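*Asks:* Build the 3D model from these lines:
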Amino acid sequence: MSGTVGQGSRARHPKPNAATDPMRILVLGGTTEASALVARVAAEPGIAATLSLAGRTTAPRPEPVATRIGGFGGAGGLARWLAENGIAAVIDATHPFAARISANAAEACRLGAVPLLAVRRPAWARQPGDDWREVPTVAACVTALGFAPRRVFLTIGRQEVSAFASAPQHAYVVRTIEPVGDALPVPNLVTVSARGPFTLEDETRFMREAGIEVLVTKNSGGAATYPKIEAARRLGLPVVIVARPALPDVPSVPDAAGALLWLKARLTGPR
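*Replies:* Numbers count the residues shown, from 1 in each chain. Predicted coordinates:
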């Protein structure tokens, strides 16, 4: 059963009967892995999933499970929500750079003794032909760009674009799923509205036609957005890349298939 629960909803459900009711799980999403997982879970009669989205996209793609949009109020709020909704397991399939959400999930599951599994896609590794400058933070990207004006393709998420206001000598190109108008407070910035996935040919053509001289990105990993890395390599462009943050030490798998196997194993054991 699918549907959308309101912003920050705290709907309660009766405590499930492990012998007769489906196993209730929470999937913290916003990634291709989360979408792939809930698509598989929707076909499993023994599992009832709720997908949680942060709400940064006003019109997210419809999913085949109940969808909750909005925050929980930190680790304590999430722990309460898990208890009130009889959640038997949590899958953290958030973005690799959503460190705060992952930390809150780990703490909430510890508080409530709820099993937690993280879906962590492998990071990208430097390949022959790559010209990478790895930095620890988005702020460090600004310094790494240097003083000479350059045309920069920013693919770090629009929430962090404001860091580049301190380097107005550069020309910036930002691609967003939704139009943002003048909402990004950075001078000399052009936004392009487009929804992926993008192929290697798409990215190569885009960077060439936009006159991109350097790519700024995060080491998100996975296949979905790797074509931009390949395109930069093909075009001989330097890449300023933000290293992944430290994440909680919890059990993890690399993809949705591994998460589903973990859930099925829990179905056959005590809940």
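*Asks:* Only C-alpha atoms, please: export stretch 148-168 in CSV.
*Replies:* Coordinates of each C-alpha in stretch 148-168 appear next as CSV, following Å, rounded to 0.1, in the frame of the first residue of the first chain:
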residue,chain,number,x,y,z
ALA,A,148,42.4,33.0,-11.9
PRO,A,149,38.8,33.1,-13.3
ARG,A,150,37.5,29.7,-14.5
ARG,A,151,34.2,28.4,-15.7
VAL,A,152,33.1,25.9,-13.1
PHE,A,153,30.5,23.1,-13.2
LEU,A,154,29.2,22.7,-9.6
THR,A,155,27.6,19.4,-8.8
ILE,A,156,27.6,19.5,-5.0
GLY,A,157,23.9,20.0,-4.3
ARG,A,158,22.3,23.4,-4.4
GLN,A,159,22.2,23.7,-0.6
GLU,A,160,26.0,24.2,-0.5
VAL,A,161,26.4,26.5,-3.6
SER,A,162,26.5,29.6,-1.4
ALA,A,163,30.0,28.8,-0.3
PHE,A,164,31.2,29.9,-3.7
ALA,A,165,29.9,33.5,-3.2
SER,A,166,33.3,34.3,-1.7
ALA,A,167,34.9,33.6,-5.1
PRO,A,168,32.9,35.8,-7.6
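*Asks:* Please identify the buried residues of it?
*Replies:* For stretch 148-168, a neighbour-count test (16 or more other C-beta atoms under 10 Å) marks 150-158, 160-161, 163-164, 167 as buried. Placement of C-beta: from N, CA and C, glycine included.
*Asks:* quick one: which of these sit in helices?
*Replies:* In this view, these have no member that belongs to helices under DSSP state H.
*Asks:* could you redo the residues you listed as TSV and give each row pLDDT and distance to residue 199?
*Replies:* Listed next are the buried residues of stretch 148-168 as TSV, based on pLDDT from 0 to 100; distance: C-beta to C-beta, whole Å:
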residue	pLDDT	distance to residue 199
150	98	25
151	98	22
152	98	22
153	98	16
154	97	20
155	96	15
156	93	21
157	87	21
158	84	23
160	90	26
161	92	25
163	94	29
164	96	27
167	96	31
